[in-house]
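K.L.:
with the sequence up front, the predicted model follows.
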Amino acid sequence: MNKLKIAVFASGGGTNLQSIIDHCEDNKIDAEIVAVVSNKINAYAVERAKNHNITTIIVESKKFKDRNEHEAEIIKQLAPYNPELLVFAGYMRLVTPDFIRHYYNKEKNLPGIINIHPALLPSFPGTSGYEDAFDYGVKYSGITIHFIDEGVDTGPIVLQETFPRNDSDTLEEFKKRGLSIEHRLYPMAIRLYAHNKLKIEGRFVKILE
Ligand code: GRF
């Protein structure tokens with residue numbers, strides 16, 4: 001089987017990127033990272049990519065007039081690498097419907113962009129999933145992997161896993177528990193995608209045997 005070509009998009013520290021790199025290098029997922037894309041020149045995720053000789057593409061949003069021009073530049077720079085799936089891992093930008101359409105995976109008949117969100121969607125969408133769930137006082141939170149659609153954290157859910165908030169938890173401890181799940185769940189979702197084990201029925205993503 002050919003390896004699934006993925007492009008990982010990250011704006012921050014990139015611990016999820018690191019986990020995906022490690023899983024690819026250890027042949028635990030049949031995927032190859034063809035590029036790491038960032039909108040932040042100083043993102044530590046970019047360092048991580050360089051440390052593993054992965055192509056980096058930096059397209060700073062502030063240098064473009066609008067979202068369409070920014071995305072057009074990403075599409076142009078990414079085109080030679082032919083990614084089959086874009087993996088958003090802490091990529092702090094919303095994307096347009098045109099961008100989403102552009103990366104639709106016709107061969108697999110599946111959306112071509114996935115995202116990881118640090119809460120049990122549809123609860124606590126937005127940029128501070130851990131903080132919002134913790135401040136709300138939930139007893140359980142979770143991690144969600146979902147396809148990207150036009151909304152904010154509204155796309156069809158691929159995988160979810162819950163974890164408890166313990167009585168003695170600080171926010172840091174709560175986050176740490178969640179992140180360790182993120183690092184395991186994202187490679188799992190990529191593996192399912194690579195092996196054609198996902199099928200969308202309406203909003204429901206079926207995991208095939
Ligand atoms: C993760 O918590 C992810 O769920 C969210 O952004 C964070 C990125 O962390 N979307 P990292 O850059 O992968 O360490």
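P.N.:
Ah, there it is.
K.L.:
which residue would be the closest one in this structure to the ligand?
P.N.:
Of all residues in the chain, Gly90 sits closest to the ligand, at 2.7 Å by Cβ to the nearest ligand atom. (Each C-beta comes from the backbone N, C-alpha and C, glycine too.)
K.L.:
could you list every residue that touches that residue?
P.N.:
By Cβ atoms under 8 Å, 6 or more residues apart in numbering, the contact set of Gly90 is 10-14, 16-17, 45, 116.
K.L.:
contacts with the ligand among those residues, please.
P.N.:
10, 12-14, 16-17, 116 (Cβ under 6 Å from any ligand atom).
K.L.:
out of the residues you listed, which sit inside strands?
P.N.:
Judged by DSSP state E, strands contain the following of the ones next to the ligand among the contacts of Gly90: Ile116.
K.L.:
tabulate the ones next to the ligand among the contacts of Gly90 (a markdown table), appending pLDDT and neighbour count.
P.N.:
Formatted as a markdown table, those follow (pLDDT from 0 to 100; neighbours: other Cβ atoms under 10 Å):
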| residue | pLDDT | neighbour count |
| --- | --- | --- |
| Ala10 | 98 | 28 |
| Gly12 | 97 | 16 |
| Gly13 | 97 | 15 |
| Gly14 | 98 | 23 |
| Asn16 | 98 | 23 |
| Leu17 | 98 | 28 |
| Ile116 | 98 | 23 |
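K.L.:
which two in the ones next to the ligand among the contacts of Gly90 are spaced the farthest apart?
P.N.:
Gly13 and Ile116 (13.4 Å; Cβ to Cβ).
K.L.:
and the longest helix seen in the chain, what other elements does it pack with?
P.N.:
Looking across the chain with DSSP state H, the single longest helix is helix 171-194. The contact analysis (3 or more Cβ pairs under 8 Å, 6 or more residues apart in numbering; DSSP states H and E) places helix 171-194 against strand 4-9, helix 15-25, strand 31-38, strand 85-88, strand 113-117, helix 129-136, strand 140-147, strand 157-164.
K.L.:
helix or strand right after it?
P.N.:
On the C-terminal side of helix 171-194, the nearest following helix or strand under DSSP states H and E is strand 198-201.
K.L.:
would you mark the buried spots in that next one?
P.N.:
Leu198 (16 or more other Cβ atoms under 10 Å).
K.L.:
spell out which parts of the protein neighbour the ligand.
P.N.:
Residues of the chain lying near the ligand (Cβ under 6 Å from any ligand atom): 10, 12-17, 89-90, 116-118, 182.
K.L.:
now do the contacts for the nearest residue to Asn68 once chain neighbours are set aside.
P.N.:
Closest residue in space to Asn68, ignoring its immediate chain neighbours: Thr96 at 6.6 Å, by Cβ to Cβ, 6 or more residues apart in numbering. By Cβ under 8 Å, 6+ apart, Thr96 lies in contact with 67-68, 71.
K.L.:
which of these lies closest to Asn166?
P.N.:
Looking across those and measuring by Cβ to Cβ, the closest to Asn166 is Arg67, at 40.7 Å.
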